[in-house]
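Undergrad: give me coordinates for this.
(2 chains)
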Amino acid sequence: MNTNTPSVDPLKLYEQLLLIRAYENAIVDGSAAGRMPGTCTSVGQEATAVGAVNALGANDLILTNHRSAGHLLARGADPGRLLAEVMGRRDGYCKGKSGSLHIAAKELGVVLTSTIVGGELALAPGVALAESMLGRPGIVACFFGDGAACEGRFHESLNLAALWNLPVLYICENNQWQAYVHRREAMSRERVADWAAGYGIPVRSVDGNDVFAVLDAAAAAAAQVRESGRPVLLEAMTYRTRGHLEPDDQGYVDKTELAAWLARDPLSLCRERLIAEGHLDAAAAAAIVARVDERIDAAIAFADASPFPAAEELLRDVYA
Amino acid sequence: MPTLTLHDAIDAALTEEMRRDRNVIAFGEGIATKRHDLVEEFGALRVRNTPLAEGIIAGTAVGASACGLRPVADLLFAPFLCYAMDELVNSAGKLRYMSGGQFSFPLVALAMSGAGWGVGAQHNHNVEAWFVHSPGLKVVMPSNPADAKALLKAAIRDDNPVVFFLDIGLLYQPGEVPDGEHVIPLGQAATVRTGSDVSLISYGKTVLHCLQAAEALAGAGIAAEVIDLRSLKPLDEAAILATARKTGRVVVVHEANRLCGVGAEIAALIAEKVFPALKAPVLRLGGPDVPVPASFPLEQATVPQVDAIAAAARQLCAPQAV
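TA: Presented below is the predicted three-dimensional model:
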């Protein structure tokens, strides 16, 4: 742990990991049963979201993408309102007009979610420019994947943020997959950080499946952004263990590679460490699981009970 | 009344609005180089040159506008908007709605287009209809310096994203611009000449061609009314329908391609709403479905000229108009 790492209850981190997994599994199950639409999950990447979001301060802003469940839940989003949004219901964060893919929650500082891969990268410098010109204390955390790093906007964004000294913490969740194509087939370099270094941006790499390592690295990176007022890129190496879009049989996935990453599942790694360090025993673990299950059950009930938006909502919110 | 070019009228609007509201900023490709007076008055933080990268320029405007600034982004030539389409169409136009109204995007994207400089199809392509067709955006194209200033002031104050087109051919044409606070609400057309026999509805430089055609028609005893739309979205439907009802004969004129252009929407609107008032079919004059060539006579041939407009009006006013 470095001096910048906020003091966070490790059990809270573990509970957030479980909550994200349970929430996304509920959608996978609901989708398979025809009760919910298909979605892009972040299963396997939870530690990156939990570690990075917990390293941020209350004033910091988050830009995310189509695999946003972890970022939103770690930031404190209500799983019931998230599920209502996924199901297109009135009580969703975006009144049911986003669906699962573009959920933004201004009240949590999760702004301008774009599901156009790389969209968040195009918007982040402007958000940071506003923060800095209006004298606000927050930095901007921009989550994106290795796929987005292959978009031209990644390069335009980093160049401008470096040129204009903008307080952006770029967090690349390198999950090895760009929709249905493996990163190896699509990237000329092994790591996104190699590209970022070319823009004179300080880079850090971290094991994205180790929530404590991510928390440390993200806290250090965030502190660096805050102190320098300049962008930093953190690359978390992780793996998308489910398919691109549910349902997905993953017939295109190398089973040996998948098995190797499943053996390093972020939830198991966290649990083992908590037990080894004496933070967690079987009874406490069971209590956390029960609490998470209860929250997810309540969330499903809330979303199910939420009505569809009224017909007149169709034409509202187009213009300010 | 002072005389300004359209280019300088834009400068005047920017200056006044940046004085009025410290959250207004301007950036783009060479804006700080070309509009040095703005840098001198407002400083290098509020007036910035950018990398030559339209996507990130537009994206930065979108992000900044959602979080409290009111950016004016100069994207130079309208065809370059292709590089900025995602940010303008998918983000600026949609993220308010998709977020259930959580955000607004008070930004202006400036772009120029039109015949006159012989710059060829990758610098001259009147793409305004693309943005009219995209929800969440407003679209403006003035025909003279006074309107340009007053419309840009309205666009900067608007809480929605506005794509603001400048006609290259008009850029250095002088015109009288009233002193002081003068703001034209977006969505308000102007009747620039009244007449009772035929309506010429246009925007941008072809408004001037319509006025010249109306002058020629007056000599032939035909009283033409000329409507300058000024903003294409919102479209002043009331003004369009009123003139169609009044004259019963309409020619819609624009430099952009006729095919699926703004004129098609206006013709359809008139047919749907005031068909019984029509004495003849609505005619559309617009550019052909070709990339605009650089060669001067070919370039000019893509623009509806005065003679063609007058001929179309005479055709409608003939005893057996078809």
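
Undergrad: which strand or helix spans residue A:100?
TA: Assigned by DSSP states H and E, residue A:100 falls within no helix or strand.

Undergrad: what residues are up against residue 254?
TA: All of this is about chain A. Applying CB atoms under 8 Å, 6 or more residues apart in numbering or on different chains to residue A:254 gives the contacts residue A:182. For the C-beta atoms, the positions are set from N, CA and C on the backbone; glycine is no exception.

Undergrad: should've been chain B
TA: B:126, B:202-204, B:206, B:261-263, B:285-287, B:304.

Undergrad: and with 10 Å instead?
TA: The neighbours of residue B:254, taking CB atoms under 10 Å, 6 or more residues apart in numbering or on different chains as the test, are B:126, B:128-129, B:141, B:201-207, B:229, B:232, B:261-263, B:266, B:284-287, B:303-304.

Undergrad: C-terminal to the one helix or strand it maps to, what's the next element?
TA: For residue B:254, the enclosing helix or strand under DSSP H and E is strand B:250-257. Remark: after strand B:250-257, the chain's next helix or strand is helix B:262-274, criterion DSSP H and E.

Undergrad: does that next one come close to chain A?
TA: No - Helix B:262-274 stays clear of chain A (CB under 10 Å from any CB of the partner chain), getting no nearer than 17.6 Å.

Undergrad: tilt between the strand holding residue B:254 and helix B:262-274?
TA: Put simply, strand B:250-257 runs at 150 degrees to helix B:262-274, going by axes from the mean of the first three to the mean of the last three CA atoms, to 10 degrees.

Undergrad: burial count for the nearest residue to residue B:313 once chain neighbours are set aside?
TA: Once flanking residues are discounted, residue B:313 sits nearest to residue B:198: 4.6 Å by CB to CB, 6 or more residues apart in numbering or on different chains. For residue B:198, the count of nearby residues is 30 (other CB atoms under 10 Å in any protein chain shown).

Undergrad: flag every buried residue along the strand holding residue B:254.
TA: Under the neighbour-count criterion of 16 or more other CB atoms under 10 Å in any protein chain shown, strand B:250-257 has B:250-257 buried.

Undergrad: the strands in the stretch 1-150 of chain A, which residues?
TA: Ranges of strands within the stretch 1-150 of chain A are A:61-63, A:140-145, based on DSSP state E, counting those that start in this stretch.

Undergrad: and these as TSV, adding distance to chain B and mean neighbour count?
TA: As requested, the strands of the stretch 1-150 of chain A are exported to TSV (distance: least, CB to the nearest CB, whole Å; neighbours: other CB atoms under 10 Å in any protein chain shown):
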stretch	distance to chain B	mean neighbour count
strand A:61-63	8	28
strand A:140-145	9	29
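
Undergrad: redo these as JSON lines? Include mean pLDDT.
TA: Listed next are the strands of the stretch 1-150 of chain A as JSON lines, based on pLDDT from 0 to 100:
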{"stretch": "strand A:61-63", "mean pLDDT": "98"}
{"stretch": "strand A:140-145", "mean pLDDT": "97"}
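
Undergrad: quick one on the thing from earlier: so which of the buried residues of strand B:250-257 would you say is closest to residue A:59?
TA: Using CB to CB, residue B:256 comes nearest to residue A:59 of these, at 45.9 Å.

Undergrad: how many other residues sit next to the closest residue to the closest one other than its chain neighbours?
TA: Counting by CB to CB, 6+ apart, residue B:256 lies nearest to residue B:126, which is 3.6 Å off, once chain neighbours are set aside. Residue B:126 has 26 neighbours, counted by other CB under 10 Å.

Undergrad: then residue B:281?
TA: Neighbourhood size, residue B:281 [other CB under 10 Å]: 15.

Undergrad: and the residue nearest the centre of the chain?
TA: Here I'm looking at chain A. residue A:71 (3.7 Å; CA atoms, centre = their mean).

Undergrad: try again with chain B
TA: residue B:141 (1.1 Å).

Undergrad: which residues touch that one?
TA: For residue B:141, the contact set (CB under 10 Å, 6+ apart) comprises B:111, B:113-114, B:126, B:128, B:147-148, B:151, B:163-167, B:170, B:203-205, B:207, B:228-232, B:254-256, B:262.

Undergrad: would you mind listing which of those residues are buried?
TA: Counted by 16+ other CB under 10 Å, the contacts of residue B:141 give B:111, B:113-114, B:126, B:128, B:147-148, B:151, B:163-167, B:170, B:203-205, B:207, B:228-232, B:254-256, B:262 as buried.
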